[in-house]
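>>> any chance you could fold what I've pasted below:
(one chain, ligands or ions: 2)
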Amino acid sequence: MKPGNSLMRHYLQFKDLRAEEYAYLFDRASIIKRRFKNYEKYQPLADRTLAMIFEKASTRTRVSFEAGMYQMGGSVVHLTTGDSQLGRAEPIEDSARVISRMVDVVMIRTFEQTKIERFAAHSRVPVINGLTNEYHPCQILADLFTFIEQRGMDRRGAIDMDCLKGRVVAWVGDGNNMANTWLQAAEILGFTVHVSTPSGYEIDAKVAGIQDTRCYKVFKDPKEACRGADLVTTDVWTSMGYEAENEARRAAFANWCVDAEMMAQAKPDALFMHCLPAHRGEEVSADVIDGPQSVVWDEAENRMHVQKALMEYLLLGRIG
Ligand code: CP
Ligand code: NVA
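Ligands and ions are numbered 1, 2, ... in the order given. Here you go, the predicted model:
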């Protein structure tokens, strides 16, 4: 594909897809997951290659994309800043021109969103955001699929997207890439995010990239944010790239630990999610993350199923 090809789609932010495309993707993820669980071979991406570029560490993103691509019959090239010319100041535009002539899809984990946008602008193939300072759309894709599995899927795997409508998601912690992406999802899919962050770490609606600020409400007290919530979710106090602020953040976030008392404010059947990696005793207590309301292991596994559906969609369009 040539750069600027109007048929080519990137996935750089959650809002790059529409609500009805999400309905399609969740449906496909459910089918793809069922096939995987039944050991059915499904290789629609035979002979296709995924390049994965990591400028930050990863466990889940790497394993889910790499295993997912192999399972779909394709292959993977793994690049990091340290072992490629990216770390030696080759312009991102040149890297995009070169890499995208040799592979079919690119996944990038990097720092500023502008970096992945510059790469995408010069890429001949679809580019997927595997996390930037501002957004983590693949994670929210998995989180929403996990919620739907729990609350909006029948025994045959049929999806009810309406199960998201009017729901309350409590975000407790940093106004970071995950929080921004939850806000985009709320605006598109019709739920509300109750956000509680320490002062100085608030959400910025402009950075979050939302138009309608009614999709979230701000609470000073994290317990208030959790009241009546259908889902409580949090993330590390210090995201990758912000390590120099670690000590200041530890002090500022001390009251933003999701513990049993905080979970008790939410609905009795509320779910707990965390994108992982987690720090027990910091942003979440061990009894919550390892307790009965936690769905964190499904969340992690679902990264692979939803990303397989996403790659299939970006490369092959709608199936059937
Ligand atoms: N949640 C997530 O993206 O995990 P990794 O940093 O391990 O990829
Ligand atoms: N907000 C975290 C998510 C890690 C998956 C970070 O950016 O480091």
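
>>> all contacts plus neighbour counts: C-alpha atoms, from now on.
Noted.

>>> ok, stretch 293-307 near ligand 1 or not?
No. On the criterion C-alpha under 6 Å from any ligand atom, stretch 293-307 is out of touch with ligand 1, staying 7.0 Å away.

>>> residues in contact with that stretch?
25-26, 29-30, 32-33, 60-61, 64-65, 67-68, 138-139, 141-143, 145-146, 269-276, 288-289 (C-alpha atoms under 8 Å, 6 or more residues apart in numbering).

>>> for it, what is the distance to the chain centroid?
11 Å (C-alpha atoms, centre = their mean, to the nearest Å).

>>> and it, what's buried?
293-296, 298-307 (16 or more other C-alpha atoms under 10 Å).

>>> and Leu315, how close does it get to ligand 1?
Distance of Leu315 to ligand 1, computed by C-alpha to the nearest ligand atom, to the nearest Å: 22 Å.

>>> tell me which helix or strand that residue sits in.
Using DSSP states H and E, Leu315 falls within helix 296-316.

>>> any idea of the mean pLDDT for that helix?
For helix 296-316, the mean per-residue pLDDT is 98.

>>> quick one: that helix to chain centroid distance?
On the basis of C-alpha atoms, centre = their mean, helix 296-316 is displaced by 10 Å from the centre of the chain it belongs to.

>>> CA atoms only: put it into PDB for me.
The C-alpha coordinates for helix 296-316 follow below in PDB (Å, rounded to 0.1, in the frame of the first residue of the first chain):
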ATOM      1  CA  VAL A 296      -7.200  -9.200  35.600                       C
ATOM      2  CA  TRP A 297      -6.000 -12.500  34.200                       C
ATOM      3  CA  ASP A 298      -8.900 -12.600  31.700                       C
ATOM      4  CA  GLU A 299      -8.000  -9.000  30.800                       C
ATOM      5  CA  ALA A 300      -4.400 -10.000  30.000                       C
ATOM      6  CA  GLU A 301      -5.400 -13.100  28.000                       C
ATOM      7  CA  ASN A 302      -8.000 -11.100  26.000                       C
ATOM      8  CA  ARG A 303      -5.200  -8.800  24.700                       C
ATOM      9  CA  MET A 304      -4.300 -11.600  22.400                       C
ATOM     10  CA  HIS A 305      -7.800 -12.400  21.200                       C
ATOM     11  CA  VAL A 306      -8.900  -8.800  20.500                       C
ATOM     12  CA  GLN A 307      -5.600  -7.900  18.800                       C
ATOM     13  CA  LYS A 308      -6.000 -10.900  16.500                       C
ATOM     14  CA  ALA A 309      -9.400  -9.600  15.600                       C
ATOM     15  CA  LEU A 310      -7.900  -6.100  15.100                       C
ATOM     16  CA  MET A 311      -5.100  -7.300  12.800                       C
ATOM     17  CA  GLU A 312      -7.500  -9.400  10.800                       C
ATOM     18  CA  TYR A 313      -9.800  -6.300  10.400                       C
ATOM     19  CA  LEU A 314      -7.000  -3.900   9.400                       C
ATOM     20  CA  LEU A 315      -5.400  -6.400   7.000                       C
ATOM     21  CA  LEU A 316      -8.400  -8.200   5.500                       C
END
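
>>> kind regards, and thank you for your time.
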